[in-house]
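*Asks:* model the following, please.
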Amino acid sequence: MEKSCSLLIHFDKGSPAMANEIKEALEGNDVDAKVDALKKAIMLLLNGETLPQLFITIVRYVLPSEDHTVQKLLLLYLEIIDKTDARGRVLPEMILICQNLRNNLQHPNEYIRGVTLRFLCRLSEPEILEPLVPSVLANLDHRHPFIRRHALLAVAAIYRLPGQAGEQLLPDAPELVEKALASEQDLSARRNAFLMLASCAQPRAVAHLLSHADHVPDWGDLLQMAALDLIRKVCRSNPAEKGKYIKIIISLLSSPSAAVVYECANTLVAMSSAPTAIRAAANTYCQLLLTQSDNNVKLIVLDRLNELKSSHREIMMEMIMDVLRALSSPNLDISRKTLDIALELITSKNVDEVVLTLKKEVVKTQTIELEKNGEYRQMLVQAIHSCAIKFPEVASTVVHLLMDFLGDTNVASALDVVLFVKEIIETNPKLRVSIITRLLDTFYQIRAARVCTCALWVIGEYCLSLSEVESGIATIKQCLGDLPFYTTTEEGEVTDGSKRPQQVNSSATISSRRPVVLADGTYATQSAASETALSAPIVLPGSLGSPGNLRSLILSGDFFVGAVVACTLTKLVLRLEEVQPSKSEANKACTGVLLIMTSMLQLGQSSFLPHPIDNDSFDRIVLCIRLLCNTGDEVRKIWLQSCRQSFTKMLAEKQFRETEEIKAKAQISHAQPDDLIDFYHLKSRKGMSQLELEDEVQDDLKRATGEFMKDGDDANKLNRILQLTGFSDPVYAEAYVTVHHYDIVLDVTVINRTKETLQNLCLELATMGDLKLVDRPQNYTLAPESSKQIRANIKVSSTETGVIFGNIVYETSNVLERTVVVLSDIHIDIMDYISPATCADVTFRNMWAEFEWENKVAVNTVIQDEKEFFNHIIKSTNMKCLTPPSALDGECGFLAANLYAKSVFGEDALVNVSVEKQADGKLSGYIRIRSKTQGIALSLGDKITLKQKGGN
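*Replies:* Take a look at the predicted model:
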């Protein structure tokens, strides 16, 4: 059986010391040699050696030593040696050390007394402690605070001895400690005395606290922390008493110690729901956020504010500007958390202030050079985007500022800006003219392919007037440069001039090995990684005289951009024919556009570029040429109206989904019909402060809205009970499994089914996967037909399906051998660790390209309807469908969709479902799972394989 250990020291097993050498060194007169020998002896004992022959040598040659280091090491040696025999009785030779300990407790040197008192805190044998009690008590009145503080610790440790031993040795300990506390001046000693009373005689500690309530702010921070701990304990056991203590907590909020202030705020939030108390706590958190320089502290405080936001949103709305001041930190994690909190607290009253602050931060990213400015700017753009969608009236104040960043070298940031512009121009018709004018003016600065294509779509859809259409065509022509893109006679010269784009293209091709999944679940031929690689290196001077951005992209082999240019020019020409009164001008523009398209096709099919034009882009450009040569009214309507209508419908659906999610979150549980109702106006207000009244009202409101009833129902608890042994086994065991975020608690009920007493019954558990046992097993004695509750704690370190297995071992008086009952395995479900989450399509694709681990599961199910199967997968995996419902409508025999979830450890789980209905009615296809770590991909794949057939 393992022993408890209160001391851990690193031991190098490479050079074991011999017992004889240690003994010789201890018997000598050299103090340094004795110190080294004692250290070696302690290390050997800690590593399982017994060294029984050393004890008498130490008593004879080490006990009399006056050296402080020797005495300290002697106490460590005495701490770890066995002081009892196999039956638990104290060894006779231990009497030899009692006299030495008594002498040390009366030693004239304060250090020797102090370390000896500290040593007594680790002794658990009443027989050794009993003769030392008078000496310990005598040290309570010593003149030196170092002695008094350790004497108080020793008294507390002796009084807390298991069973009744402590109370028998020191029956009047609480009175003595209370008396010492009243007269003590040393802060640490007072804290030790107060902690002893709080744990062993709580009413005395409470009485002392309440009698000195007015002086608590003058106590030191150590004692204030102990007082707060006591207040939490008392209020947890007796909530009706909290009115007495809230004033003390409020008074401590002005403490100079940051730790005390933080604990005060935590205690206030835990104890009270009164608006005044919550406001005070929120103010405290915001002050800590600004005054503390440690990033870890700021992240912890932001977590607390996030919790407050969930339960007290109205109060936190008032604090939004204080929270946003945390953006001054250069740390991206802090900025991200701050923005996440702030975005959920925005209302029509504070949105203008918030947007103004975000605009200032965006401008600051231009003036101050920081390492991660691009990422920070991207976060700010997304935050402003979110504000503008919720409150369209603020869009006009930010859209023009953000359009300056369309040419940002950070592609993700520029892409967020252009997506924001695309959405705002549709939802705010009043801003259309100014946005189009600004976009045409700044279009030449855009260098990223994806940003270019999005901006071109906006130009093609929203240039409506004659001047806008003509400006749009002129801008695109200017960015394409002179035609043709190359000539036969000058081919060599042009080739020289475009070597750099060719190099970029080849490097991009090498870097884009991974396939990319599109929004509908299909794989794209062009990867996001390659687009980024194409766009980032081609940084050309942003001036009108420099080579056009569109020309650079097309000459680098990006014909997808060429196809988008062709579509945009086609739309502009079709619209020009409607708004241009002069037929000849319209025909002239159409001819120029046709020339551009044919030039792109000529370039794509030439040997000038290392890779020819892809089929999709070729077909798209040819379609545009045919359309301009022969335009019908139906086709014109599709190109000029249907595309924009689809975008409008998509935005409306997105807004509807967000509104539905907010409504679902806002739904609260209701109270039971037979619950008591408290009437605020009928309450007695005698002797109650305003804060106590507010608290009472908030508690009543919580009770009325069922907030106190949110515990899981009993039926759900019963589902988590697992039978570990059979009914015919001599010992029956069942476990109730509770899964918290980072640990698992097993409450095992063990029942003795026999007529005999089971001795040394031990629950031995082992784990597979990333699970670790926290507690070591203990032995129990179980009477006939009696039961025992055993609790086991297991730590979880990653999202992976784990297995807990083990057995129950016991002895009986009749049988000499130990009996073993093997337990059933407990499988820990991955579903307990992942929860549905949302992310943008762009983010999903980027993660899909980055993540290394993929698990491909073939569809094998009896379900014959693809939508029913898809819903079954969502329910089984506890994931969120990112594909909008409209994309899944209709009956086509094929379904492709993306699912997303996040684990409690911050891991992302991506799933792509592609299912097709065969001619025989069966479903076929694949479910692909991707994640950064292997565990979550494999565990989720196993779960889907198990559940996909349609069983429970």
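
*Asks:* low pLDDT regions in the stretch 851-952 of the chain?
*Replies:* 949-952 (pLDDT under 70).

*Asks:* how about the helices in it?
*Replies:* 866-877, 934-947 (DSSP state H, counting those that start in this stretch).

*Asks:* for the ones you listed, give me a markdown table that also has distance to C839 and mean neighbour count.
*Replies:* Every C-beta, even on glycine, is put in place using the N, C-alpha and C of the backbone. Formatted as a markdown table, the helices of the stretch 851-952 of the chain follow (distance: least, C-beta to C-beta, whole Å; neighbours: other C-beta atoms under 10 Å):
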| stretch | distance to C839 | mean neighbour count |
| --- | --- | --- |
| helix 866-877 | 16 | 18 |
| helix 934-947 | 16 | 20 |
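
*Asks:* what are the buried residues along stretch 59-66?
*Replies:* Of the residues in stretch 59-66, those with enough neighbours to count as buried (16 or more other C-beta atoms under 10 Å) are 61-63, 65.

*Asks:* what does stretch 191-205 give?
*Replies:* By 16+ other C-beta under 10 Å, the buried positions in stretch 191-205 come out as 191-198, 200-201, 204-205.

*Asks:* columns pLDDT, secondary structure and distance to S556 on top of the residues you listed, output as JSON lines?
*Replies:* JSON lines is the format used below for these (pLDDT from 0 to 100; DSSP: H, G, I helix; E, B strand; the rest coil; distance: C-beta to C-beta, whole Å):
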{"residue": "R191", "pLDDT": "87", "secondary structure": "helix", "distance to S556": "70"}
{"residue": "N192", "pLDDT": "86", "secondary structure": "helix", "distance to S556": "74"}
{"residue": "A193", "pLDDT": "87", "secondary structure": "helix", "distance to S556": "77"}
{"residue": "F194", "pLDDT": "86", "secondary structure": "helix", "distance to S556": "74"}
{"residue": "L195", "pLDDT": "87", "secondary structure": "helix", "distance to S556": "71"}
{"residue": "M196", "pLDDT": "85", "secondary structure": "helix", "distance to S556": "76"}
{"residue": "L197", "pLDDT": "86", "secondary structure": "helix", "distance to S556": "78"}
{"residue": "A198", "pLDDT": "85", "secondary structure": "helix", "distance to S556": "73"}
{"residue": "C200", "pLDDT": "83", "secondary structure": "helix", "distance to S556": "78"}
{"residue": "A201", "pLDDT": "83", "secondary structure": "coil", "distance to S556": "80"}
{"residue": "R204", "pLDDT": "87", "secondary structure": "helix", "distance to S556": "81"}
{"residue": "A205", "pLDDT": "86", "secondary structure": "helix", "distance to S556": "76"}
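
*Asks:* could you point out which of the residues you listed is nearest to V411?
*Replies:* Nearest to V411 among the buried residues of stretch 191-205: R191, at 56.7 Å, using C-beta to C-beta.

*Asks:* does the closest one touch Q224 like I think?
*Replies:* No: the pair R191 / Q224 is not scored as a contact, 9.3 Å apart, by C-beta atoms under 8 Å.

*Asks:* what's the closest of the buried residues of stretch 191-205 to Y732?
*Replies:* For the buried residues of stretch 191-205, the minimum distance to Y732 (C-beta to C-beta) is 38.2 Å, reached by C200.

*Asks:* distance check, the closest one against E125.
*Replies:* Separation of C200 from E125 (C-beta to C-beta, to the nearest Å): 20 Å.

*Asks:* likewise for V351?
*Replies:* Distance, V351 to E125, by C-beta to C-beta: 69 Å.

*Asks:* go on, E907?
*Replies:* 49 Å.
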